[in-house]
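Chemist: One predicted model, sequence on top.
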Amino acid sequence: MTRSFALDKVRNIGVIAHIDAGKTTVTECILHHTGRTYKIGGVDEGTAVMDWMDQERERGITITSAATTCEWSDYRINLIDTPGHVDFTAEVERSLRVLDGGVVVLDAVAGVEAQSEMVWRQADRYRVARICFVNKMDRVGADFYRTVSMIESRLNATAVPIQLPLGVEGEFRGVIDLIERKTITFEEGTRGAVSVGDIPDGERDNVARYRHVMIEKLAEKDDTILLPYLEGQEIPVSLIRESVRRLTVANRIVPVLCGSALKGKGVRPLLDAITWYLPSPLDVPDVIGFDPRSSGEVVCSARDEEPLAALAFKVVSDPFMGRLTYVRIYSGRMESGAQVLNAVKSKRERIGRLYLMHANRREEVTEADAGSIVAAVGLRGSSTGDTLCSPARPVVFEAIRFAEPVLSMAIEPKAKSDGDKLEDVLGKLADEDPSFKVRQNSDTGQALIMGMGELHLEVMVDRMAREFGIQVNVGKPRVAYREAITRAVQSEGRFVRQTGGRGQYGHVWLKLEPGERGSGYKFVDAVKGGTIPREYISAVAAGAREAIETGGPAGYPVVDVQVTAFDGSYHDVDSSELAFKIAASMGVKAGLPKARPVLLEPIMKLEIVAPSQFTGDIIGDINARRARIERIDTQGDSSVVGCLIPLGETFGIATALRSLSQGRVSHTMEFALYEQVPAAVAEQIVNRAGAVR
């Protein structure tokens, strides 16, 4: 079957930004201009197509990334609208993992905000090519040039404006195309009608200056521009476009455009820029995986003729369709009814049906080509991060890494009869969202749900009631503290039981050593001379891991530790996997108190924007919460305070900041790192935890 779009005419892009920068509005305008929708949905009115969940429409924020497909000038654009709130950063992470390009939306008034930096770093990690769209140019205080400066200073990127605004704030009426030296004016009330004209006399000097800067930046990085630039030649428009595309795809520059998505201004030129400058699947490097049988490299090229290789990046429980698995196809074709191999789990699965998605609506297709993003029904055993491939060529791609949850909350069903149902629902939600985890508290019998913040857990509880009909009682949010050891110790674990018949015998010597912060848990097998038979080593590793996760002396999971099994003994008859697992667990629990454990707490990066007159009171409040102030910037009449603050001190901070600033404050928070808790504070935390238990 011939593909409907040539591969060089396909764009897999995401819209990413800080919360409230206008991502969803930009996406809604793109859908309208490409003919995907007949009218533009509004976030404030709750009519945005891409914000289809009830919670999204009520709160006016994006919670889950929504995928859609549209067409523009003979190009197919597979588009993902991502959340901006830090609690849903896992949605951004997995979207960027499978995208080739991104549109970073920035608020022309606020410029580069805290969450903008976070999503930029995520895009850097996956080498996603980007263009920037400076939105809300018609608002009071909008400053295009300051925003461009902030892209360079805060994001450490080479920003190349290819447009300038025509008019500012309420007078904003269009953009000036620096490449073609034309004005593009947007007619009021038409949401998209444009007229192209000459540059006004009053703007000619400014345009000449910024066009020279643009060409200078291109010449610095591209030899095809450098020679004619040095010789003083007029550089053709086609050559400039080719250079901008080449450098954007290589992640060496970031083209900057501007507009006002709410009024449809600047969206058509943005669509042109997406097709002109962002990469197709052919422009990005071939994806490298490894063969699970030999561990050798496998190169997967974006060609339909190659064997299938695809990555499952999202799982959704659809009330009508059942379990939907979103996949990005890197090579080969995927067909409905075909059998595929889940190379991570060494399990074969059959594709039921395939769909092109449009938010929560879908369009069934019989097959999907290389470079496509589709949803598949029937993959019951596949989860986020699994590689799906042809059984003839097994390949495993690098998994998607997600941040660990930092907040927990006890939960139980209001009706005891809902106990089993709640367990099933929690399993489905954890399957969908890798940053949402569930643990059973063996002491209280309650389930413990863990997430990235209060809003994250609040949305999950709301979904349980709306989507699954389960009412629950919830406890107060609790900080997900961790423990770490500070010195190496040796510890013995011995489990011996004799009950008349065959007994249990397991004996192991372990060494517990502190690892670098962020290194996680590592098990090393250093047993020599067969003192522990090989078949029991995996049981020793499992027992040690279980004890580490159960918690140290204070009852919190232990992190950044290396456990080495180096000696032990066994019994020919009585030894078993269970005995060695219990022995290893006993050894770890015996060794942890001797290893001088310390308590670690999650530290958040907090950014507060408020009128300058309230800065002193706000600093006083956050200092009392053990915050470390990193910077104080001035932004017009407002001050921006950036600091690091323990998560445990942030409960109720939104109310406190509002009361200190007469309600004229905004703040954003994101997880930064884990740090050791001061001894006096650690003692209070442990005592409180003991009282709760």
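Modeler: Looks like it arrived, so ask away.

Chemist: From what I see, residue 329 and residue 369 are in contact.
Modeler: Yes: here residue 329 reaches residue 369: they are 7.0 Å apart, a contact under CB atoms under 8 Å. Just so you know, the C-beta spots here come from the backbone N, C-alpha and C atoms, and that holds for glycine as well.

Chemist: where in the stretch 351-500 of the chain is pLDDT low?
Modeler: Applying pLDDT under 70 to the stretch 351-500 of the chain picks out residues 359-361, 441-446, 500.

Chemist: For it, which segments are assigned as strands?
Modeler: With DSSP state E, counting those that start in this stretch as the criterion, the stretch 351-500 of the chain has strands at 353-358, 361-365, 367-368, 373-377, 387-389, 407-413, 437-440, 447-451, 472-474, 478-479, 482-484, 489-497.

Chemist: For residue 155, which of these is the nearest?
Modeler: strand 373-377 (26.3 Å; CB to CB).

Chemist: ok, residues contacting stretch 146-164?
Modeler: Identification of contacts with stretch 146-164 by CB atoms under 8 Å, 6 or more residues apart in numbering yields 106, 108, 111-112, 116-117, 120, 132, 134, 144, 175-179, 203, 206-207, 210, 213-214, 217-218, 221, 244, 252-258, 266, 269, 273.

Chemist: Now, those residues that are in strands?
Modeler: Judged by DSSP state E, the subset of the contacts of stretch 146-164 located in strands is 106, 132, 134, 175-177, 254-258.

Chemist: Now a ChimeraX select for only the buried ones of those residues.
Modeler: The following ChimeraX line selects those of the ones in strands among the contacts of stretch 146-164 that are buried, judged by 16 or more other CB atoms under 10 Å:
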select :106,132,134,175,176,177,254,255,256,257,258
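
Chemist: what sits against residue 548?
Modeler: 521, 557-558, 561, 563, 588.

Chemist: Just give the number of residues close to residue 530.
Modeler: 8 (other CB atoms under 10 Å).

Chemist: any idea how far it lies from residue 571?
Modeler: Distance check for residue 530 against residue 571: by CB to CB, to the nearest Å, it reads 14 Å.

Chemist: what does residue 11 give?
Modeler: Residue 11 is 64 Å from residue 571, by CB to CB.

Chemist: More neighbours: which of these two?
Modeler: residue 11 (25 against 15).

Chemist: Quick one: residues contacting the more buried one.
Modeler: 75-78, 100-101, 274-275, 278-280.

Chemist: now with 7 Å?
Modeler: 75, 77-78, 101, 274-275, 278, 280 (CB atoms under 7 Å, 6 or more residues apart in numbering).

Chemist: Now do the SS call for it.
Modeler: strand (DSSP: H, G, I helix; E, B strand; the rest coil).

Chemist: For it, which non-adjacent residue is spatially closest?
Modeler: residue 77 (4.8 Å; CB to CB, 6 or more residues apart in numbering).

Chemist: Let me know how buried the one you found is, in neighbour terms.
Modeler: For residue 77, using other CB under 10 Å, the count is 25.

Chemist: ok, then the element right after the helix or strand containing it?
Modeler: Following DSSP states H and E, one finds residue 77 within strand 75-81. Counting by DSSP H and E, the next helix or strand C-terminal to strand 75-81 is helix 89-98.

Chemist: Tell me the helices and strands packed up against the host helix or strand of residue 314.
Modeler: Using DSSP H and E, residue 314 sits within strand 309-318. Judged by 3 or more CB pairs under 7 Å, 6 or more residues apart in numbering; DSSP states H and E, strand 309-318 is in contact with helix 89-98, strand 322-331, strand 387-389, helix 419-432.

Chemist: Residues touching the last one, excluding its own?
Modeler: Helix 419-432 is touched from outside by 315-317, 383, 413, 436-438, 447, 449, 460, 463-464, 468, 470, 472, with contacts defined as CB under 7 Å, 6+ apart.

Chemist: ok, now the third one?
Modeler: Applying CB under 7 Å, 6+ apart, the contact partners of strand 387-389 are 289, 307-312, 327, 340-344, 382, 395-397.

Chemist: Reformat the ones in strands among the contacts of stretch 146-164 as CSV; add pLDDT and distance to residue 355.
Modeler: Compiled in CSV, the ones in strands among the contacts of stretch 146-164 are given as follows (pLDDT from 0 to 100; distance: CB to CB, whole Å):
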residue, pLDDT, distance to residue 355
106, 92, 33
132, 95, 32
134, 94, 35
175, 91, 37
176, 92, 42
177, 92, 38
254, 95, 33
255, 95, 33
256, 95, 35
257, 94, 32
258, 93, 35
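
Chemist: out of the ones in strands among the contacts of stretch 146-164, which one sits closest to residue 684?
Modeler: For the ones in strands among the contacts of stretch 146-164, with residue 684 as the reference and CB to CB as the criterion, the closest is residue 106, at 41.7 Å.

Chemist: wait, doesn't the closest one sit right on residue 134?
Modeler: Yes: taking contacts as CB atoms under 7 Å, residue 106 lies within contact range of residue 134: 5.2 Å.

Chemist: give me every residue that touches residue 592.
Modeler: Residue 592 neighbours (CB under 7 Å, 6+ apart): 485, 512, 552-553, 558.

Chemist: try 6 Å this time
Modeler: Applying CB atoms under 6 Å, 6 or more residues apart in numbering to residue 592 gives the contacts residue 552.

Chemist: ditto for residue 194
Modeler: 184, 186, 268.

Chemist: Excluding chain neighbours, what is closest to the second one?
Modeler: Pointing back at residue 186 there. residue 265 (4.2 Å).

Chemist: If that neighbour is in a bridge, with which residues?
Modeler: Listed beta-bridge partners, residue 265: residue 260 (assigned using DSSP bridges).

Chemist: Tell me if I'm right that it and residue 187 touch.
Modeler: No: counting by CB atoms under 6 Å, residue 265 stays clear of residue 187, with 9.5 Å between them.

Chemist: where are the low-confidence patches of this protein?
Modeler: Ranges of the chain meeting pLDDT under 70: 1-4, 36-65, 84-87, 188-193, 319-320, 359-361, 441-446, 500-501, 688-693.

Chemist: Residue 486 - how many residues pack around it?
Modeler: So residue 486, with other CB under 10 Å, has 10 neighbours.

Chemist: Compute the distance between the nearest residue to it once chain neighbours are set aside and residue 285, please.
Modeler: The shortest distance from residue 486 to any non-neighbouring residue, by CB to CB, 6+ apart, is to residue 596 (4.5 Å). According to CB to CB, residue 596 and residue 285 sit 46 Å apart.

Chemist: got it, and residue 159?
Modeler: 24 Å.

Chemist: The two: who's more crowded?
Modeler: The neighbour comparison of residue 159 against residue 285 (other CB under 10 Å) goes to residue 159, with 18 against 9.

Chemist: Please name the bridge partners of the more buried one.
Modeler: residue 254.

Chemist: let's number from 433 now, not from 1
Modeler: In the new count, where the first residue is 433, that last one comes out as residue 591.
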